[in-house]
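> Kindly generate the corresponding structure for this input.
(one chain, ligands or ions: 2)
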Amino acid sequence: MAKELIRLSNCCMSFDDNVVLDNINLYINDQEFLTLLGPSGCGKTTTLRIIGGFQTPTSGEVLFDGEKINDVPPHKRAVNTVFQRYALFPHLNVYENIAFGLRLPKTDPETKKKVKLSEAEIKARVTEMLTAVNLTGFEKRSVTSLSGGQQQRVAIARALVNRPKVLLLDEPLGALDLRLRKDMQNELKRIQKAMGITFIYVTHDQEEALAMSDTVVVMDGGKIQQIGTPEDIYNEPKNAFVADFIGESNIIDGYMRGDGVVEIFNRRFACLDKGFAVNEPVDVVIRPEDVDIVPEAEGQLTGTVTSVTFKGVHYDIIVDFYGFKWLIQTTDLSPVGSRIGIKIDPDGIHVMKKSHYSGMFGDYSSYSEEYEEISDANYDPTEEDEGDSNEET
Ligand SMILES: Nc1ncnc2c1ncn2[C@@H]1O[C@H](COP(=O)(O)OP(=O)(O)OP(=O)(O)O)[C@@H](O)[C@H]1O
Ligand SMILES: [Mg+2]
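Ligands and ions are numbered 1, 2, ... in the order given. Next up is the predicted model:
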């Protein structure tokens, strides 16, 4: 059974007159993997610092197991942190860096006596962590001789070796290349499950957030925009910001004409959304992979392909519908200039309330120009006779 461990209740944070967190409400369950996701400056690190006790919120409460801990200092919280800029001890080798926290005397919560671990116990724990982060054999290496990725793994091992109840991780994989990053994502997830530790993880990488988390908290401008499972956030974004930030989205102005009927470009589409006012203006999200291409005569809408980019598994095509450009992903080739029809199943349409983000996202006009250059250089079957594309590049 999920048990609540940490709660932020109406937390606000201001620096001088600058509001950095605006009424954050959030709870984290025991053993959950929760990710704070959002663009640079949205308040992720500040939120994490409040949970870790490095910052006291200007107003609001921080609760641990139901008790208010606003004034409890970091070392008295059952929380360890891997900082965005982690600092290893440069004069200690890998083994001693990881063992460091284990050598500090601890107070036994029951007897209140100071306890020290034996060297044998320390060795067993460090060895276990070295295996977990894939650094077996690196014990004696100086940390300054390690690559960025290896240093980062030492930092993670050092934070985990104390077996904290909660681990706070601030962009811990930021310095790694893509391949190592993916490996470490799997590794961290495995360690988290195996050790039963609650992870609160910060990233601005939406793919990473979707791949690793039980729960994703999407933030922007110091506010929580949405909390949900990765599937919820992707399939049912709450507003245009979330739809745009998570994955690719075409976002089109529409009107609800009744439950299950939305109108875009003066055409009615069946959808699954209900509960809006009749004729309410809405934002309609259509994911690029949810659009079926059909012959022009059979289309619910018809448009002109303006660019094609080969992506390996599929093509990204930009299609102009009445001056609004959509991104569509398809495995069938529709050459530039061709007229196509599209069909969208009711579950491929997602209707959102208007918000102050409306109109800011979801139009691929600017992408189109970049794409046109790329696709002209690589591939354009309509230009066989003209033969003016390859020579010019
Ligand atoms: N000590 C401080 N004094 C003044 N402003 C601060 C302080 N700490 C953070 N801020 C401001 O608060 C806002 C949120 O910062 P925060 O570090 O939480 O962002 P973030 O989401 O972690 O961004 P990034 O992805 O770039 O790390 C920023 O505008 C930042 O400049
Ligand atoms: Mg940060």
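
> tell me the contacts of residue 154?
By C-beta atoms under 8 Å, 6 or more residues apart in numbering, the contact list for residue 154 reads 88, 94, 97-98, 133, 135, 143, 146. In short, each C-beta sits where N, CA and C put it, glycine included.

> Report pLDDT for whichever residue of the stretch 101-250 of the chain sits closest to ligand 1.
In the stretch 101-250 of the chain, no residue comes nearer to ligand 1 than residue 204, which is 5.0 Å away by C-beta to the nearest ligand atom. Predicted confidence (pLDDT) for residue 204: 92.

> One more: the one 10 residues further on?
Reading off the per-residue confidence, residue 214 sits at a pLDDT of 97.

> So it sits against residue 228, correct?
No: judged on C-beta atoms under 8 Å, residue 214 makes no contact with residue 228 at a distance of 10.3 Å.

> so how far is residue 272 from residue 172?
When C-beta to C-beta, to the nearest Å is applied, the distance between residue 172 and residue 272 equals 38 Å.

> same thing with residue 169?
From residue 169 over to residue 272 (counting by C-beta to C-beta), the distance is 36 Å.

> Likewise for residue 283?
For residue 283, the distance to residue 272 - C-beta to C-beta - is 16 Å.

> Neighbour count for those two, which is higher?
Neighbours were counted for residue 283 and for residue 272 using other C-beta atoms under 10 Å; residue 283 has more, 24 against 13.

> Please put the alpha-carbon coordinates of whichever helix or strand the more buried one is part of into PDB.
Secondary structure from DSSP states H and E places residue 283 in strand 281-286. Extracted C-alpha coordinates of strand 281-286, given in PDB (Å, rounded to 0.1, in the frame of the first residue of the first chain):
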ATOM      1  CA  PRO A 281     -13.400  27.700 -27.100                       C
ATOM      2  CA  VAL A 282     -10.700  25.000 -26.500                       C
ATOM      3  CA  ASP A 283      -7.200  24.000 -27.300                       C
ATOM      4  CA  VAL A 284      -7.100  20.700 -29.300                       C
ATOM      5  CA  VAL A 285      -4.000  18.500 -29.100                       C
ATOM      6  CA  ILE A 286      -3.300  16.000 -31.900                       C
END
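
> Could you number the chain from 139 rather than 1 from now on?
All set: I'll call the first residue 139, so the last point we hit is now strand 419-424.

> hmm, who's touching it?
By C-beta under 8 Å, 6+ apart, strand 419-424 touches 375, 377-378, 381, 387-394, 400, 402, 414, 464, 482, 486-493, 496, 500.

> In ChimeraX, how would I select the buried members of the residues you listed?
This is how ChimeraX selects the buried members of those, with burial counted by 16 or more other C-beta atoms under 10 Å:
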select :375,377,378,381,387,388,389,390,391,392,393,394,400,402,414,464,482,486,487,488,489,490,496,500
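
> Restricted to strands, list the contacts of strand 419-424.
388-394, 400, 402, 464, 482, 487-491 (DSSP state E).

> Now the two most distant members of those residues.
464 and 491 (21.5 Å; C-beta to C-beta).

> Would you mind listing the buried residues in stretch 250-263?
255, 260, 263.

> Go through these and say which is closest to residue 298.
Closest to residue 298, out of all of these and judged by C-beta to C-beta, is residue 263, at 9.6 Å.

> quick one, helices of the protein?
For the chain, applying DSSP state H gives helices covering 182-190, 232-241, 257-270, 286-298, 316-333, 344-350, 368-373, 378-383, 503-516.

> interface residues of this protein facing ligand 1?
The chain comes close to ligand 1 at residues 153, 158, 176, 178-184, 222, 342, as judged by C-beta under 6 Å from any ligand atom.

> what about 8 Å?
151, 153-154, 156, 158-159, 174, 176-187, 193, 222, 308-309, 340, 342, 357, 360 (C-beta under 8 Å from any ligand atom).

> buried subset of those?
Buried among these by 16+ other C-beta under 10 Å: 151, 158-159, 174, 176, 180-187, 193, 308-309, 340, 342, 357, 360.

> one step back: partners of the strand holding residue 421 in the sheet?
strand 388-396 (antiparallel), strand 487-491 (antiparallel) (DSSP bridges).

> And for the first one, what's in contact with it?
The reference is to strand 388-396. By C-beta under 8 Å, 6+ apart, the list of residues contacting strand 388-396 reads 378, 381-382, 400-403, 406, 411, 414-426, 462, 464-465, 489, 496-497, 499-502.

> run the last query once more with 6 Å
Applying C-beta atoms under 6 Å, 6 or more residues apart in numbering, the contact partners of strand 388-396 are 378, 381, 400-402, 414, 416-424, 464, 499-500.

> picking that back up, take the buried residues of stretch 250-263 and lay them out in CSV including pLDDT.
Compiled in CSV, the buried residues of stretch 250-263 are given as follows (pLDDT from 0 to 100):
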residue, pLDDT
255, 88
260, 95
263, 94
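
> in the strand holding residue 421, what's buried?
By neighbour count on 16+ other C-beta under 10 Å, the buried set for strand 419-424 is 420-424.

> Buried residues in stretch 319-326, which are they?
Those would be 319, 322-323, 325-326, for stretch 319-326 by 16+ other C-beta under 10 Å.

> how about the strands in the stretch 139-288 of the chain?
For the stretch 139-288 of the chain, strands defined by DSSP state E, counting those that start in this stretch occupy the ranges 142-153, 156-167, 171-175, 197-202, 205-206, 217-220, 244-245, 252-253.

> Pick the most deeply packed of those strands.
strand 171-175 (a mean of 24; mean count of other C-beta atoms under 10 Å).

> what angle sits between it and strand 142-153?
20 degrees (axes from the mean of the first three to the mean of the last three C-alpha atoms, to 10 degrees).

> which outside residues touch strand 171-175?
166, 182, 185, 330, 337-341, 347, 351-356.

> about what we covered before: mind giving me CSV with the strands paired with strand 419-424 and columns for mean pLDDT?
Below are those laid out as CSV (pLDDT from 0 to 100):
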stretch, mean pLDDT
strand 388-396, 96
strand 487-491, 97
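
> among those, which is nearest residue 471?
Here strand 388-396 is closest among the strands paired with strand 419-424 (C-beta to C-beta), at 20.1 Å.
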